[in-house]
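1. model this:
(one chain, ligands or ions: 2)
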Amino acid sequence: MRVIPINDAAIEETAIEEAAEILRRGGLVAFPTETVYGLGANALDASAVARIFAAKGRPSYNPLIVHVPNEAAARELVSDWPESASRLARAFWPGPLTLVLPKQPAIPDIVTAGLDSVALRVPAHPVALALLRATRLPLAAPSANRSMALSPTTAQHVARSLGDRVELILDAGPTTVGIESTVVDLRGPQPSILRPGLLGAREIEPVVGTLATPNETTGDAARPAPGMLDRHYAPRAQLRLFAASEAASIAREGAALVARGARVAALVLEASASAPVEVVQMPADPARYAQRLYATLHDLDESGFNVVLVERVPDGDAWAGVRDRLERASRP
Ligand code: AMP
Ligand code: MG
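-> Ligands and ions are numbered 1, 2, ... in the order given. You can find the predicted model right below:
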């Protein structure tokens, strides 16, 4: 595995060309996007995509997001491009929004876990876009980490999680959004959010009208979105959630755990925890909280904390992405 630093303000063509060459011959390259680092492969090459699943240890039922450089490239990969897709693409691409649409047969089944739909996104990162233009290929790219683990927001996180399972990492520093994209299902008559992210109903509804709850549109009651039922995005440390009103319980739990020899950290918004735990004050703004969340959990893991007590974030749309990641990370 090699790491090439790349300045996203003055992108060096040689680094992009080297990465593109690896991708063209079916290899894996980790690259920065605005959300998290992605583990990319040629989305039209089934054996290249199989390498993503092997490198991540990802179950084959969990489909991948395909990255494209622009709306025109997205249209080529779908069998239907509804008006809602045009509107959302114009409003939010490039950006942290993934659209699920009926796929063209050119996309191998392994990419979509056998589904007849594909998830597409134009990432808002100059390095990702340069790579997409250089390869002239759609790139399947899930987060560049082992399956079930925390997503990477720096090249160092990628290197630690994947090691030599990835050939090259393009290092453009920490990502800005910090959590994975919002996934919107456009297969039914009414769009729905399959996975919350930085963009929420408040941003999306003015563009396409009222959103449905997932099962109404797909009729897929048992499975709102493939791969979404697992514990996911989790640190090695055990993560436990506490209501904002339970600051005293955080302190009490923390003290009890420390007395039993655990190393305990607390992520707080307002609570002024004074227990013998490492207190991490998180930003009160949801976008800034999201940007810091995974990096903070990676740091705590690296420092050997066993338990992270987390003050729940507020209700409401703006916090939906962060809330979802915290819930998932706290599942046993
Ligand atoms: P990631 O792990 O960040 O690559 O995100 C992939 C997620 O996107 C999956 O877990 C699904 O929730 C969603 N997704 C990808 N492809 C599809 C698809 N064809 N239909 C529905 N959801 C999808
Ligand atoms: Mg992932």
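
2. C-terminal to the helix or strand of the chain with the lowest mean pLDDT, what's the next element?
-> In the chain, no helix or strand scores lower on mean pLDDT, DSSP states H and E than helix 214-218, which sits at a mean of 49. Where DSSP states H and E defines the elements, the next helix or strand beyond helix 214-218 is strand 238-242.

3. quick one: buried residues of the following helix or strand past that following strand?
-> Of the helices and strands lying after strand 238-242 in sequence (DSSP H and E), the nearest is helix 247-259. The neighbour-count check on helix 247-259 (16 or more other C-beta atoms under 10 Å) flags 247, 250-251, 253-254, 257 as buried. The C-beta positions use only the backbone N, C-alpha and C, and glycine is treated the same way.

4. Kindly present the residues you listed as CSV, with separate columns for distance to ligand 2 and pLDDT.
-> Converted to CSV, the buried residues of helix 247-259 look like this (distance: C-beta to the ion, whole Å; pLDDT from 0 to 100):
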residue, distance to ligand 2, pLDDT
247, 32, 79
250, 28, 88
251, 33, 87
253, 29, 90
254, 30, 91
257, 29, 94
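
5. between those residues, which is closest to ligand 1?
-> Among the buried residues of helix 247-259, residue 250 lies closest to ligand 1 (C-beta to the nearest ligand atom), at 30.1 Å.

6. wouldn't residue 147 be in contact with residue 57 here?
-> Yes. With contacts counted by C-beta atoms under 8 Å, residue 147 reaches residue 57, the gap being 4.6 Å.

7. Quick check, central residue of the chain?
-> In the chain, the centroid-proximal residue (C-alpha atoms, centre = their mean) is residue 180; its distance is 2.4 Å.

8. Tell me how many other residues crowd the closest residue to that one other than its chain neighbours.
-> Among residues not flanking residue 180 along the chain, residue 35 sits closest, at 5.4 Å (C-beta to C-beta, 6 or more residues apart in numbering). Neighbour count for residue 35, taken as other C-beta atoms under 10 Å: 29.

9. Ramachandran coordinates for residue 35?
-> Torsion angles at residue 35 (phi, psi; degrees, to the nearest 10) stand at phi -90, psi -70.

10. so who does it touch?
-> 96, 123, 175, 177-181, 197-198 (C-beta atoms under 8 Å, 6 or more residues apart in numbering).

11. one step back: make sure the residue nearest to the centre of the chain is indeed in a helix.
-> No. Looking at residue 180 with DSSP: H, G, I helix; E, B strand; the rest coil, it is coil, so not inside a helix.
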